[in-house]
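Trainee: Have a look; sequence and predicted model below, questions after that.
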Amino acid sequence: MYSLPFLDLPPLQSAAGTMRLPGSKSISNRVLLLAGLAAGETVVRDLLDSDDTRVMLDALRALGCGIEHDDAALRVRGLGGRAATREAKLFLGNAGTAMRPLAAALAVLAARDGGRFELSGVARMHERPIGDLVDALRALVCAVDDLGQPGYPPLAVRGPAVLNTARPIRVRGDVSSQFLTALLLALPLASDGGAIVIEVDGELISKPYVEITLALLARFGITVQREHWRRFTIPAGSRYRTPGVVHVEGDASSASYFVALGAIAAADNPLRIEGVGHDSIQGDIGFVDAARAMGAQVRTEANAIEVRRGAWPLQAITLDCNHIPDAAMTLAVMALYAHGATTLTNIASWRVKETDRLAAMAAELRKLGAAVDEGPDWLRIAPPAAWRAASIRTYDDHRMAMCGSLAAFGGVQVRIEDPKCVAKTFPDYFEALFG
């Protein structure tokens, strides 16, 4: 872990070798919440150890879950769908994968059983919208209080209340798929009175992340019926059942940096990435196809990826990135090494992440000499005519730091400001890069 205010990367030339990915953030926090809500003990192997999972674990402990670590796994003794405490104040950092699902689950628990729970985070979390989820919860007759600006954390949920699950619950899908995921994870707690229907308004973005949610719900005993991407039905009397042991696959979003590294710098020998492959349930494995389109030579196995440089310079592409919103950031840096201008579209969700990633990426790539055009939901990047050394601001955003590191192969020194921000999802990123 880097504690210095910056990290200077010298000009880098080549890459090869083997690296093992940390566990998926998206899978890790979903599994932790499901294990916490289920009855019995769940053994979680290969869990991501990061800032985001730590705040989720702290929250589960505060709610009464038993959490035990050993050398090989984490053991979670779940609540059986009942909170062991009726009051808690939870600090969730900047973890959207903790804030949104916990807000929904605790709103339902408080309505059903009584209690009051406050949820807050860092300043940036209080700028990230949650209003569409709150609207859906209030339509259920959950009591949700704004503790700051309406539509944003911090907030409190309280009860008891009589939940109204007889009619479909509507939620917007065009801002963040985490709102739908939060409802899918929470509403089985309210299904004693019958099946519960969720209907999505607008175009659902980031569908692969919802597919992760559905797959993990099935692992924990709940099979949600899906009608296209508009209507989801949770069966009556749903109960979370522990699968016993859950293995967390490697993080496909984190894999994107090393796929890109191979495409840029593995000219002589391949770079092998272990922990995720073509059997992945994560949508960001689709980044492999985008890298191939830019010229990378990629071979996938069930749980590994091998990549080396193919076309050089890389080929510019135009791509709708709705299906890989996080990994698409890596494409923006790969565009620096391409012949021609690369256009990434359908990425409006970048603006409500850990920072406004559209504005941040445009600003930092321009420092390196790229010509960048920014629209409301798109980015167009032409490579530098002449590379410039730059100090990359990271905005307390782990992905800005990891993407920025790939610019060191442009033949110039690159400074990464606040490198410790990678702790959100990949605390050992720079050790893995230099290794």
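Mentor: It's in.
Trainee: how near is residue 339 to residue 327?
Mentor: Distance of residue 339 to residue 327, computed by Cβ to Cβ, to the nearest Å: 22 Å. For every residue, glycine as well, the C-beta is placed using N, CA and C.
Trainee: More neighbours: which of the two?
Mentor: Set residue 339 next to residue 327 and count neighbours by other Cβ atoms under 10 Å: residue 327 wins out with 27 against 14.
Trainee: Identify the residues contacting the more buried one.
Mentor: Residue 327 makes contact with 252, 253, 256, 284, 286, 287, 290, according to Cβ atoms under 8 Å, 6 or more residues apart in numbering.
Trainee: Run through the neighbouring helices and strands of the regular element (helix or strand) spanning the third one.
Mentor: For residue 256, the enclosing helix or strand under DSSP states H and E is helix 252-265. Packed against helix 252-265, as judged by 3 or more Cβ pairs under 8 Å, 6 or more residues apart in numbering; DSSP states H and E, are the following elements: strand 271-274, helix 287-293, strand 304-308, helix 328-334, helix 398-405, helix 429-434.
Trainee: Which among the contacts of residue 327 count as buried?
Mentor: Those of those that meet the buried threshold are 252, 253, 256, 284, 286, 287, 290, by 16 or more other Cβ atoms under 10 Å.
Trainee: Now do the same contact list for residue 231.
Mentor: Counting by Cβ under 8 Å, 6+ apart, residue 231 touches 168, 197, 198, 199, 200.
Trainee: Format those as JSON lines; extra columns: distance to residue 357, secondary structure and neighbour count.
Mentor: Shown next, in JSON lines, are the contacts of residue 231 (distance: Cβ to Cβ, whole Å; DSSP: H, G, I helix; E, B strand; the rest coil; neighbours: other Cβ atoms under 10 Å):
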{"residue": "168", "distance to residue 357": "33", "secondary structure": "coil", "neighbour count": "14"}
{"residue": "197", "distance to residue 357": "33", "secondary structure": "strand", "neighbour count": "18"}
{"residue": "198", "distance to residue 357": "28", "secondary structure": "strand", "neighbour count": "20"}
{"residue": "199", "distance to residue 357": "29", "secondary structure": "strand", "neighbour count": "14"}
{"residue": "200", "distance to residue 357": "24", "secondary structure": "strand", "neighbour count": "21"}
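Trainee: how about JSON lines for the residues you listed, with pLDDT and distance to residue 120 added?
Mentor: As requested, the contacts of residue 231 are exported to JSON lines (pLDDT from 0 to 100; distance: Cβ to Cβ, whole Å):
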{"residue": "168", "pLDDT": "97", "distance to residue 120": "31"}
{"residue": "197", "pLDDT": "98", "distance to residue 120": "31"}
{"residue": "198", "pLDDT": "98", "distance to residue 120": "26"}
{"residue": "199", "pLDDT": "98", "distance to residue 120": "30"}
{"residue": "200", "pLDDT": "97", "distance to residue 120": "28"}
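Trainee: how far does the helix or strand harbouring residue 7 sit from the chain's center?
Mentor: Per DSSP H and E: residue 7 is located in strand 6-9. How far strand 6-9 lies from its chain's middle: 25 Å, per Cα atoms, centre = their mean, to the nearest Å.
Trainee: The longest helix belonging to the chain packs against which elements?
Mentor: Longest helix of the chain, by residue count under DSSP state H: helix 96-113. Where contact means 3+ Cβ pairs under 8 Å, 6+ apart, helix 96-113 is packed against helix 25-37, helix 51-63, strand 115-120, helix 131-139, strand 143-146, strand 155-159, helix 177-186.
Trainee: and if we set it to 10 Å?
Mentor: helix 25-37, helix 51-63, strand 87-91, strand 115-120, helix 131-139, strand 143-146, strand 155-159, helix 177-186 (3 or more Cβ pairs under 10 Å, 6 or more residues apart in numbering; DSSP states H and E).
Trainee: Can you verify my assumption that residue 351 contacts residue 359?
Mentor: Yes. If you go by Cβ atoms under 10 Å, residue 351 and residue 359 touch, sitting 7.6 Å apart.
Trainee: who touches the closest residue to residue 263 other than its chain neighbours in this structure?
Mentor: Spatial nearest neighbour of residue 263, excluding adjacent residues (Cβ to Cβ, 6 or more residues apart in numbering): residue 296 at 3.5 Å. Applying Cβ atoms under 10 Å, 6 or more residues apart in numbering to residue 296 gives the contacts 259-260, 262-264, 266, 288, 290, 307-311, 314-315, 334.
Trainee: one more time with 8 Å, if that's ok
Mentor: Counting by Cβ under 8 Å, 6+ apart, residue 296 has contacts 259, 262, 263, 307, 308, 309, 310, 311, 314.
Trainee: What's the PyMOL syntax to select whichever of these are buried?
Mentor: Per 16+ other Cβ under 10 Å, the buried members of those correspond to this PyMOL selection:
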select buried, resi 259+262+263+307+308+309+310+314
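Trainee: For the contacts of residue 296, work out which two are farthest apart.
Mentor: 259 and 311 (14.5 Å; Cβ to Cβ).
Trainee: Kindly provide the whole-number mean pLDDT of the helix or strand harbouring residue 246.
Mentor: According to DSSP H and E, residue 246 maps onto strand 245-247. Mean per-residue pLDDT for strand 245-247: 97.
Trainee: Would you check that residue 199 makes contact with residue 169?
Mentor: Yes. Assessed by Cβ atoms under 8 Å, residue 199 is found in contact with residue 169 at 7.1 Å.
Trainee: quick one: common contacting residues for those two?
Mentor: Going by Cβ under 8 Å, 6+ apart, no residue sits against residue 199 while also sitting against residue 169.
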